[in-house]
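[1] Here's a sequence, model it:
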Amino acid sequence: MTRAMHTPALLLLNDSPRLPLIASLAVRFAATVTKWERQRRSRVNLSKLDDRLLRDVGLTRDQANREIERPFWHG
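    Here you go, the predicted structure:
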């Protein structure tokens, strides 16, 4: 399964043709944890927005609450 990795260092490591299996797994794990942390932070920040700011980004309070309540591992 291929995952999109946005960190240049992780991309470089992942594209290395001689990367040992354990290193490849470590890179994928790091990319996954990084994605989860980014999603968690995004939801924490979303929870801090007031209704006016939510309207500015096109969300209702109910939509924001549904997103905030999602587990961090759900994209």
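[2] measure Ala23 to Gly58 for me?
    The spacing between Ala23 and Gly58, counted by Cβ to Cβ, to the nearest Å, is 42 Å. Using the backbone N, CA and C atoms, a C-beta is placed for each residue, glycine as well.
[3] and if you look at Ile68?
    16 Å.
[4] Ala23 and Gly58: which has the busier surroundings?
    Neighbour count, other Cβ atoms under 10 Å: between Ala23 and Gly58, Ala23 has more, with 13 against 7.
[5] So the more buried one, which state does it fall into?
    Following DSSP: H, G, I helix; E, B strand; the rest coil, Ala23 is assigned to helix.
[6] what about the residue nearest to the spatial centre of the chain, helix or strand, and which?
    The chain has Lys35 as the residue nearest its centroid, 2.9 Å off, counting by Cα atoms, centre = their mean. Assigned by DSSP states H and E, Lys35 falls within helix 21-47.
[7] other SSEs contacting whatever helix or strand comes next after that helix?
    Note on helix 21-47: by DSSP H and E, the next helix or strand toward the C-terminus is helix 51-56. With contacts taken as 3 or more Cβ pairs under 8 Å, 6 or more residues apart in numbering; DSSP states H and E, helix 51-56 sits against helix 61-69.
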